[in-house]
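> Just to be clear, the model below is a prediction. Sequence and coordinates:
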Amino acid sequence: MDATTRKIEAARAALAYVEDGMRLGIGTGSTAEEFVRLLAEKVADGLSVTGVPTSERTARLCLDLGVKISSLDELPELDLAIDGADEIDPALNLIKGGGGALLREKIVATASKKLIVIADESKKVECLGAFPLPIEVNRFGLASTRLAIEAAAARLGLTGSIDLRSSRDEPFVTDGGHMILDASFGRIPDSRALSTALFAIPGVVEHGLFLGLTTIAIVAGEGGIETLRPAG
Ligand SMILES: O=C(CO)[C@H](O)[C@H](O)COP(=O)(O)O
């Protein structure tokens with residue numbers, strides 16, 4: 001089974017949790033897109049759901065495939081959100097934001113009664129941090145914010161490069177009009193402490209540590225589908 005097939009299988013397994021009439025948060029990224037494609041087939045067969053997409057990219061895909069969408073302003077409380085992840089630890093804490101949609105993804109996940117994460121098994125880790133942590137920052141004061149992040153991380157014993165994300169030689173701009181710094185700390189033993197430290201910096205809009213938000217993770221691997229619940 002290749003990585004794409006695994007993503008499709010995880011997405012297919014998540015469909016079992018989708019019920020008629022649900023208000024559904026819909027994530028961003030290649031795995032979430034496989035979910036949208038499968039969801040669209042169910043919608044064509046008569047399933048009625050309203051999606052709240054976590055990015056303009058996902059919104060376009062939903063519209064192209066005939067999945068009805070709305071916004072959090074119209075539907076401030078959601079039944080379920082389904083999204084991918086860049087890393088999943090044993091407590092089902094996540095790193096997200098590889099696709100640059102972390103702010104809307106976290107808002108949507110928090111507005112949902114449940115968050116189901118779908119992924120292939122390469123995303124499972126013992127400790128978060130091998131994947132560079134995306135930190136969404138305001139454009140104003142970018143250099144100062146970067147220095148403040150570096151200093152806050154160093155106080156927690158975390159070092160590594162903090163790079164401005166770019167796309168086609170231009171700074172990557174999020175749907176919210178912000179920029180992203182990707183922090184390569186290598187290993188984040190205390191993700192709660194890092195989260196608190198980052199939120200204390202005024203230029204930080206959001207970060208990609210999703211802590212205590214996941215209800216279940218559906219992970220597809222060589223041995224089939226695993227359904228994980230938070231440990232401890
Ligand atoms: O957080 C995300 C986007 O901001 C994605 O969920 C994450 O990057 C995983 O993407 P993929 O399913 O393509 O591996």
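Perfect, I can see it now.

> show me what contacts the most centrally placed residue in the chain?
Computing the C-alpha centroid of the chain and ranking residues by Cα atoms, centre = their mean puts K96 first, at 4.0 Å. With contacts defined as Cβ atoms under 8 Å, 6 or more residues apart in numbering, K96 is in contact with 83-86, 102, 105-106, 134, 208, 210. For the C-beta atoms, the positions are set from N, CA and C on the backbone; glycine is no exception.

> near the ligand, from those?
83-86, 102, 105 (Cβ under 6 Å from any ligand atom).

> which ones among those are found in helices?
102, 105 (DSSP state H).

> now, which of the ones next to the ligand among the contacts of K96 sits nearest G177?
Comparing the ones next to the ligand among the contacts of K96 against G177 with Cβ to Cβ picks out L102 as the nearest, at 14.1 Å.

> Tally up the residues packed near the closest one, please.
L102 has 30 neighbours, counted by other Cβ atoms under 10 Å.

> quick one: it and E206 touch, right?
Yes: applying Cβ atoms under 8 Å, one finds L102 in contact with E206, separated by 5.7 Å.

> what residues do these two have in common as contacts?
Counting by Cβ under 8 Å, 6+ apart, the residues touching both L102 and E206 are E136.

> now S195, what's its secondary structure?
Under DSSP: H, G, I helix; E, B strand; the rest coil, the three-state class of S195 is helix.

> ok so, going back, ok, so of the contacts of K96, who is nearest the ligand?
Taking Cβ to the nearest ligand atom as the measure, G84 is the one of the contacts of K96 closest to the ligand, at 3.2 Å.

> is it true that that closest one touches D120?
No: between G84 and D120 there is no contact under Cβ under 8 Å: 9.3 Å.

> who's more crowded, those two?
Taking neighbours as other Cβ under 10 Å, G84 and D120 compare with G84 leading, 28 against 22.

> in this protein, which ranges drop under the pLDDT threshold?
Within the chain, the ranges that satisfy pLDDT under 70 run 232.

> all helices for it, in order.
Counting by DSSP H, the helices of the chain are 3-15, 30-44, 56-65, 102-111, 142-155, 191-199.

> Return the list of helices and strands in contact with the fourth one.
Helices and strands touching helix 102-111, as assessed by 3 or more Cβ pairs under 8 Å, 6 or more residues apart in numbering; DSSP states H and E, comprise strand 23-26, strand 80-83, strand 133-137, strand 204-207, strand 209-210.
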